[in-house]
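Trainee: Please find the sequence and the predicted model below.
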Number of protein chains: 2
Amino acid sequence: MGNINSVVIATGTHGNEFTGIYLGKKFEQFPKLIQRPSFDTRVLLSNPKAFAAARRYIDKDLNRCFASEDIKNPQLASYEDILAKNIYYLLAEESKHQQQVIIDLHSSTANMQLTIILGSKHPFILQLAAHLNAINPDVRICYSQPTRDSNFLCSISELGFAIEVGPVAQGVLNAELFQKTEALIYQVLDYIESYNHGMNQPQTSTLTYYQYAGVIDYPRNEYGEIQGMIYPQLQFRDYEPLNPGEPIFLTFDGTAIAYQGTSTVYPIFINEAAYYEKGIAMCLTQKKTLEI
Amino acid sequence: MGNINSVVIATGTHGNEFTGIYLGKKFEQFPKLIQRPSFDTRVLLSNPKAFAAARRYIDKDLNRCFASEDIKNPQLASYEDILAKNIYYLLAEESKHQQQVIIDLHSSTANMQLTIILGSKHPFILQLAAHLNAINPDVRICYSQPTRDSNFLCSISELGFAIEVGPVAQGVLNAELFQKTEALIYQVLDYIESYNHGMNQPQTSTLTYYQYAGVIDYPRNEYGEIQGMIYPQLQFRDYEPLNPGEPIFLTFDGTAIAYQGTSTVYPIFINEAAYYEKGIAMCLTQKKTLEI
């Protein structure tokens, strides 16, 4: 693979995830912060209308609109469908002529710390992930096994990934998390700069990552209404081991519901606000290691 | 004052404040929990459409629609204006014939613990507040000096007050806070039951409360865009003393901005998500005591 020519920092793919959005505004105000000699970096505010409304989206979740079948489908014409097509053609066109890294910045109400969500196991991305994991104690690496055709914005580039930071409420800036996210972006850019100068000697190392293994929904009644909450002792315990038989929900009438699986898992996105409507109380992952 | 005849527990006045909404659903499923022999209790889901959309409101903030001038103004016809008129006429009509307590349940992304926001200094409400403050260590009493004509839902009754619980993200249930709010409701209902039986001997006691003394907005540029965040060490420090010269904001370029006041204040609603659009980064209060 040749040098990286450009980096796109996508922000506001969800309009109420302020950390990335205001970080992007800072970078636009002080562009030298993200400039590196060997490649171009720019900020893309993905969904300005949703940001103006301080909502996740206007018509539908933009970060589920990028499956290539959907991009090609002229019948899909909601605000976010159209936006996705615009972003896709812009970035896919650029990617034809250059190596482009896409970093899509998100935040979560779950205790995701600084999670890097890989959409592919491209060697460059794995090396970058291993590097960040080694130098930054808050970094977690998550591999979201792509369906045949990912619908995430960052999937436009083979060198795309998402960053989820949390816990932070929607529509809120948390200064500590803002600063940690900012520092992480610089670590990514510095790594790419070193790579372009041939200074990152690929070396065998072990990468610990969390592989997506399914989701669990809230307990619901026959009308689909939620009947319970995340168990108090599980709240904010993302990335900690969950064993079969341990409680995961507390129903409104005070009954604990246990995890029914047969092996230890590592839940993430626990109590993510945006996932209530998706029927997801938490995502389960398996802790894995990979020699790279 | 005679006996209390009825209690209305209003929930979902803001559709993304789930604690009260799901507590109300629990009470509707298990009505005995809120029944007491000497008065009627019922739940009112104030803004069902906003809850269905998991948004604070559809057109405008319902909890700013109850000023009597606005209720009488036929020109005001947004979704929430109409809703406010319906709720007002329903409850005001009932209040003519009975002593009605209105409890309006809210949640906040700020560390409000269990805050009781008084709209009046009616002796019964002050006695109730003092009682709750004495028996529940999480309770804080806040007095929002009403403008001549309050626009809050709970102002429909002279015996109305709001409860703000936090910190919890919008659109999220936190089990621990849910249980604390539930216990507080029972403490209120039990107090009213005792009052109706003449068992609460009014006794002189000292009530510590926090009196609203103004608001501070985020630092903004000439376009109104936010230029800084709550200072990291101030986040979640609601109800703690803030002294002149102590930092309250951190600008995006890393500059601390100090509190410019001349006396110690007690900020609350620090970094409340819903107040970004209102130009409020925090509300300032003064700590006071009152002999009742």
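Mentor: That came in fine, so what should we check first?
Trainee: residues touching residue A:56, list them.
Mentor: Residues touching residue A:56, when contacts are defined by Cβ atoms under 8 Å, 6 or more residues apart in numbering or on different chains, comprise A:14-17, A:50, A:170, A:274. The way it works is simple: take the backbone N, C-alpha and C, and place the C-beta from them, glycine included.
Trainee: From these, list the ones also adjacent to chain B.
Mentor: Intersecting these with the contacts of chain B gives A:170, A:274 (criterion: Cβ under 8 Å from any Cβ of the partner chain).
Trainee: now, which of the contacts of residue A:56 sits nearest residue A:82?
Mentor: Of all those, residue A:50 has the smallest distance to residue A:82: 13.0 Å, by Cβ to Cβ.
Trainee: which residue packs closest to the closest one, ignoring adjacent ones?
Mentor: Distances taken as Cβ to Cβ, 6 or more residues apart in numbering or on different chains put residue A:15 closest to residue A:50, at 2.7 Å, once the chain neighbours are dropped.
Trainee: got it, and residue A:29?
Mentor: Nearest residue to residue A:29 in three dimensions, chain neighbours excluded: residue B:252, at 7.4 Å (Cβ to Cβ, 6+ apart).
Trainee: is it true that that neighbour touches residue A:22?
Mentor: Yes: in this structure, residue B:252 sits in contact with residue A:22. The criterion is Cβ atoms under 8 Å, and the distance is 6.6 Å.
Trainee: ok, now which ones touch the closest residue to residue A:168 other than its chain neighbours?
Mentor: With sequence-adjacent residues excluded and distances taken as Cβ to Cβ, 6+ apart, residue A:168 is closest to residue A:174, at 4.5 Å. Taking Cβ under 8 Å, 6+ apart as the criterion, residue A:174 is in contact with A:19, A:168, B:229-230, B:235, B:271.
Trainee: Tell me which of those fall in strands.
Mentor: Using DSSP state E to define strands, the subset of these located there is B:229-230.
Trainee: re earlier: any idea of the pLDDT on the residue nearest to residue A:168?
Mentor: We have a pLDDT of 98 for residue A:174.
Trainee: how far away is residue A:119 from residue A:68?
Mentor: Using Cβ to Cβ, to the nearest Å, we find residue A:119 at a distance of 14 Å from residue A:68.
Trainee: Could you list every helix and strand in contact with the host helix or strand of residue A:140?
Mentor: Under the assignment given by DSSP states H and E, the secondary-structure element containing residue A:140 is strand A:139-143. Taking 3 or more Cβ pairs under 8 Å, 6 or more residues apart in numbering or on different chains; DSSP states H and E as contact, the helices and strands that strand A:139-143 lies on are strand A:113-118, helix A:123-135, strand A:206-216.
Trainee: immediately after that strand, which helix or strand?
Mentor: For strand A:139-143, the succeeding helix or strand toward the C-terminus, using DSSP H and E, is strand A:159-166.
Trainee: Now do that next one against helix A:123-135: the angle between them, please.
Mentor: On the basis of axes from the mean of the first three to the mean of the last three Cα atoms, to 10 degrees, strand A:159-166 is oriented at 30 degrees to helix A:123-135.
Trainee: Report the distance from strand A:159-166 to the chain centre.
Mentor: Chain-centre distance of strand A:159-166: 4 Å, with Cα atoms, centre = their mean, to the nearest Å.
Trainee: what's the answer for stretch A:88-104, then?
Mentor: With Cα atoms, centre = their mean as the basis, the mean position of stretch A:88-104 lies at 18 Å from the chain mean.
Trainee: Can you list the neighbours in contact with that stretch?
Mentor: Residues from elsewhere that reach stretch A:88-104 (Cβ under 8 Å, 6+ apart): A:1-10, A:13, A:46, A:63, A:66, A:71, A:152-154, A:156-157, A:159-163, A:185, A:188, A:192.
Trainee: In it, which residues are buried?
Mentor: A:88, A:91, A:95, A:99-104 (16 or more other Cβ atoms under 10 Å in any protein chain shown).
Trainee: Could you pull up the mean pLDDT of that stretch?
Mentor: The predicted model gives stretch A:88-104 an average pLDDT of 94.
Trainee: go on, stretch A:27-46?
Mentor: In this model, stretch A:27-46 has a mean pLDDT of 98.
Trainee: so how far is the first residue of that stretch from its last?
Mentor: 15 Å (Cα to Cα, to the nearest Å).
Trainee: ok so, going back, tell me the residues that contact both of residue B:252 and residue A:22, please.
Mentor: Looking at what touches both residue B:252 and residue A:22 (by Cβ under 8 Å, 6+ apart), the common residues are A:178, B:229.
Trainee: can you list the residues of the stretch 51-200 of chain A near chain B?
Mentor: A:54-55, A:109, A:167-176, A:178-179.
Trainee: out of those, what pair is the most spread apart?
Mentor: Of all pairs in those, the most separated under Cβ to Cβ is A:55 and A:179 at 25.7 Å.
Trainee: Compare the two and say which is more crowded by neighbours.
Mentor: With other Cβ atoms under 10 Å in any protein chain shown as the criterion, residue A:55 and residue A:179 differ in neighbour count, and residue A:55 comes out ahead with 18 against 15.
Trainee: Could I get the contacting residues of that one?
Mentor: A:15-16, B:55.
Trainee: can you check residue A:108 too?
Mentor: The contact partners of residue A:108, by Cβ under 8 Å, 6+ apart, come to A:115, A:164-168, A:269, A:272.
Trainee: What about residue A:184, how many residues nearby?
Mentor: 21.
Trainee: now it, nearest residue through space, not along the chain?
Mentor: When the adjacent residues along the chain are set aside, residue A:184 lies closest to residue A:114, with 5.4 Å between them (Cβ to Cβ, 6+ apart).
Trainee: Make sure the one you found is actually in contact with residue A:181.
Mentor: Yes: when contacts are counted by Cβ under 8 Å, residue A:114 is listed as touching residue A:181 (6.9 Å).
Trainee: Mind listing the shared neighbours of those two?
Mentor: When contacts are counted by Cβ under 8 Å, 6+ apart, the set common to residue A:114 and residue A:181 consists of A:163, A:165.
Trainee: in what helix or strand does the residue lying farthest from the centre of chain A lie?
Mentor: With Cα atoms, centre = their mean as the measure, chain A has its most outlying C-alpha, relative to the mean C-alpha position, at residue A:253: 34.4 Å. Using DSSP H and E, residue A:253 sits within no helix or strand.
Trainee: Please look at it and residue B:27 and confirm they touch.
Mentor: No: counting by Cβ under 8 Å, residue B:27 is not a contact partner of residue A:253; they are 11.4 Å apart.
Trainee: Do a quick rundown of the helices in the stretch 1-150 of chain A.
Mentor: With helices called from DSSP state H, counting those that start in this stretch, the stretch 1-150 of chain A shows them at A:18-29, A:48-52, A:68-71, A:79-97, A:123-135.
Trainee: Go through the third one and flag the buried ones.
Mentor: Residues A:70-71 are the ones in helix A:68-71 that count as buried (16+ other Cβ under 10 Å).
Trainee: And stretch A:181-198, by the same measure?
Mentor: Residues of stretch A:181-198 classed as buried by neighbour count (16+ other Cβ under 10 Å): A:181-182, A:184-185, A:187-189, A:191-193, A:195-196.
Trainee: out of the residues you listed, who's nearest chain B?
Mentor: Minimum distance to chain B across the buried residues of stretch A:181-198 is 9.1 Å, recorded for residue A:182 (Cβ to the nearest Cβ).
Trainee: what kind of secondary structure is the closest one in?
Mentor: Three-state call for residue A:182 (DSSP: H, G, I helix; E, B strand; the rest coil): helix.
Trainee: PyMOL command to pick out the buried ones of the residues of the stretch 51-200 of chain A next to chain B?
Mentor: Taking 16+ other Cβ under 10 Å as the burial criterion, the selection of buried members of those in PyMOL is written as:
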select buried, chain A and resi 54+55+109+167+168+169+170+171+172+173+174+175+178
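Trainee: Now, the residues of the stretch 51-200 of chain A next to chain B that are in strands?
Mentor: Secondary structure from DSSP E places none of these in strands.
Trainee: Out of the residues of the stretch 51-200 of chain A next to chain B, the closest to residue B:263 would be?
Mentor: Comparing every one of those with residue B:263 (Cβ to Cβ), the shortest separation belongs to residue A:175, at 25.3 Å.
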